[in-house]
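Q: Here is my input; please provide its structure:
(one chain, ligands or ions: 1)
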Amino acid sequence: MTTLFDRYQLGALTLPNRVVMAPMTRVRAGEGGVATPSMATYYAQRATAGLIVTEGVQPSLIGQSNPGTPGLHTDEQVASWRPVTDAVHANGGRIFAQIMHGGRVSHPDTTGMQPVGPSAVPAVGEVFTPNGPKPAPVPRALETAEVPEHARSYAEAALRAMEAGFDGVELHGANGYLISQFLSSTANLRTDIYGGSIANRIRFAVEAVSATVEAVGGRRTGIRLSPGAGIWGAEETDVPELYGALLAELAPLDLAYIHLEATTDEEVLVGLRKEWPGTLIVNPAFPMGPRQTDKAAADHWLGLGADLISFGRAFIANPDLVERLRQNLPIAPYDESTWYQGGDAGYITYSAYQHAA
Ligand SMILES: Cc1cc2nc3c(=O)[nH]c(=O)nc-3n(C[C@H](O)[C@H](O)[C@H](O)COP(=O)(O)O)c2cc1C
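A: Numbering: from 1, shown residues only. Alright, predicted model coming up:
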């Protein structure tokens, strides 16, 4: 039986275990969207994960969603990530950058620009801004001719990620951000080649992934998806058909993986496993609340055919999560107030499990 602690060959990378650190935005970037020494410490502390996926990283200023998030679109940003990837590698780890274009989930207070999206339909809910949460603004609908440059921005960020020493990139196609907005039938009301039919709604995702594969190779390219999640009002009404069509287009690209975000719909995940020939990372539907992690849920998904399991919140207060899971040690609770507050407290202040002397 496969366990979380078995090795896994991911393209050219040998992962010593099947525990993936899920991408988590922590808003600790410096001025100009640069990575900081604290970020290097944070990721290096977690290098025993089989694979680390960073927080969402914007591929352009207009692609920035939250204030305080890092980018991969300036030379200064590229240089700032090098100490992060070096520190992770020095500790024996592997790290992918998550490329995240926020699309309509953004705000002029953050970027100085009106956000863009598939259609002039605002996200449902409030977005973070430097001046506190504000209602999501109405985005500008991208012209047909502008769409390819936003798809290519993922590939350009991927090239910069390689320069910065990352082992690969994960395109953020989940949770209501730009790729997910194009997939949605409520965020995307377009009538051109990027909207309407399933073939049109998956076009942006396929262009973004294909451009990235062309730039850095399939084995260095993963994508995160959240079928049916409907986050920020980006609803999908035809989940099995939509994702079936998307996976069929992506299957020949020899991708590093697809990463399925927490969903309660086990049937959908099982269906996608059958349709996806490559590596599948599952972020199980761990219940929100005090129970942060659940080895039984991980084993369940490995049994159903997941190759790797990602853990998010449990990594926040447990840099040595792999060892704690392996030895059934207590999992330290996270402090939600520190998720997005900035500073080192609740970020790099957690230590490995202290055994009694
Ligand atoms: C503080 C925080 C920030 C997150 N930021 C991101 C992000 O930048 N990109 C992403 O794809 N998911 C993000 N997520 C979702 C996590 O990757 C993960 O899917 C979610 O927390 C559920 O997994 P868990 O139960 O193991 O925490 C975030 C979650 C948390 C708690």
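
Q: Point me to the residue of this protein nearest the ligand.
A: Closest to the ligand within the chain is residue 312: 2.9 Å, counting by Cβ to the nearest ligand atom. For the C-beta atoms, the positions are set from N, CA and C on the backbone; glycine is no exception.

Q: Now do the closest residue to that residue other than its chain neighbours against residue 158, distance only.
A: Nearest residue to residue 312, sequence neighbours excluded (Cβ to Cβ, 6 or more residues apart in numbering): residue 22, at 3.8 Å. Separation of residue 22 from residue 158 (Cβ to Cβ, to the nearest Å) stands at 19 Å.

Q: do the same with residue 228
A: From residue 228 to residue 158 the distance is 27 Å (Cβ to Cβ).

Q: what do you get for residue 148?
A: Taking Cβ to Cβ, one finds residue 148 at 16 Å from residue 158.

Q: Between these two, tell me which one has more neighbours.
A: residue 158 (29 against 16; other Cβ atoms under 10 Å).

Q: any idea of the pLDDT on that one?
A: Looking at residue 158, its pLDDT stands at 99.

Q: if I read this right, it contacts residue 218, doesn't it?
A: No: Residue 158 lies out of contact with residue 218 (Cβ atoms under 8 Å); the separation is 11.4 Å.

Q: So what does residue 280 have for phi and psi?
A: Per-residue torsions, residue 280: phi -120, psi 120 (degrees, to the nearest 10).

Q: Number of residues surrounding it?
A: Neighbours of residue 280 under the rule other Cβ under 10 Å: 19.

Q: quick one: is the host helix or strand of residue 54 near the ligand?
A: Using DSSP states H and E, residue 54 sits in strand 51-57. Yes: counting by Cβ under 6 Å from any ligand atom, the ligand is contacted by strand 51-57 at 55-56.

Q: I'd like the average pLDDT over that strand.
A: Averaging pLDDT along strand 51-57 yields 98.

Q: Same question for stretch 250-257.
A: Averaging pLDDT along stretch 250-257 gives 97.

Q: ok, and does that stretch reach over to the ligand?
A: No: using Cβ under 6 Å from any ligand atom, stretch 250-257 never reaches the ligand; the gap is at least 13.5 Å.

Q: End to end on that stretch, go ahead and measure it.
A: End-to-end distance of stretch 250-257 (Cα to Cα, to the nearest Å): 10 Å.

Q: With stretch 103-118 instead?
A: Distance across stretch 103-118, first residue to last, is 8 Å (Cα to Cα).

Q: That stretch near the ligand anywhere?
A: No: taking Cβ under 6 Å from any ligand atom as the criterion, stretch 103-118 and the ligand are apart, separated by no less than 11.3 Å.

Q: List the contacts of that stretch.
A: For stretch 103-118, the external contacting residues (Cβ atoms under 8 Å, 6 or more residues apart in numbering) are 61-67, 102, 121-123, 127-131, 134, 136-142, 146, 150, 176-178, 181-182, 187-190, 194-195, 204, 232.

Q: Go through that stretch and flag the buried ones.
A: 103-107, 110-111, 115-118 (16 or more other Cβ atoms under 10 Å).

Q: Pull up the distance across stretch 178-194, start to finish.
A: From its first residue to its last, stretch 178-194 covers 13 Å (Cα to Cα).

Q: Just the buried residues of that stretch, please?
A: Neighbour counts using 16+ other Cβ under 10 Å place 178-185, 187-188, 190, 194 of stretch 178-194 among the buried residues.

Q: same question, stretch 347-356
A: Buried residues in stretch 347-356 (16+ other Cβ under 10 Å): 347-348, 350.

Q: Equivalent analysis for stretch 20-34, please.
A: Within stretch 20-34, the residues scored as buried using 16+ other Cβ under 10 Å are 20-30, 33-34.

Q: Does that stretch reach the ligand?
A: Yes: with Cβ under 6 Å from any ligand atom as the criterion, the ligand is reached by stretch 20-34 at 22-25.

Q: Now intersect those with the strands, please.
A: Assigned to strands by DSSP state E, none of the residues of stretch 20-34 next to the ligand qualify.

Q: how about the closest residue to residue 195 other than its chain neighbours, what does it touch?
A: Spatial nearest neighbour of residue 195, excluding adjacent residues (Cβ to Cβ, 6+ apart): residue 188 at 4.9 Å. Residues in contact with residue 188 (Cβ under 8 Å, 6+ apart) are 118-119, 181-182, 194-195, 201.
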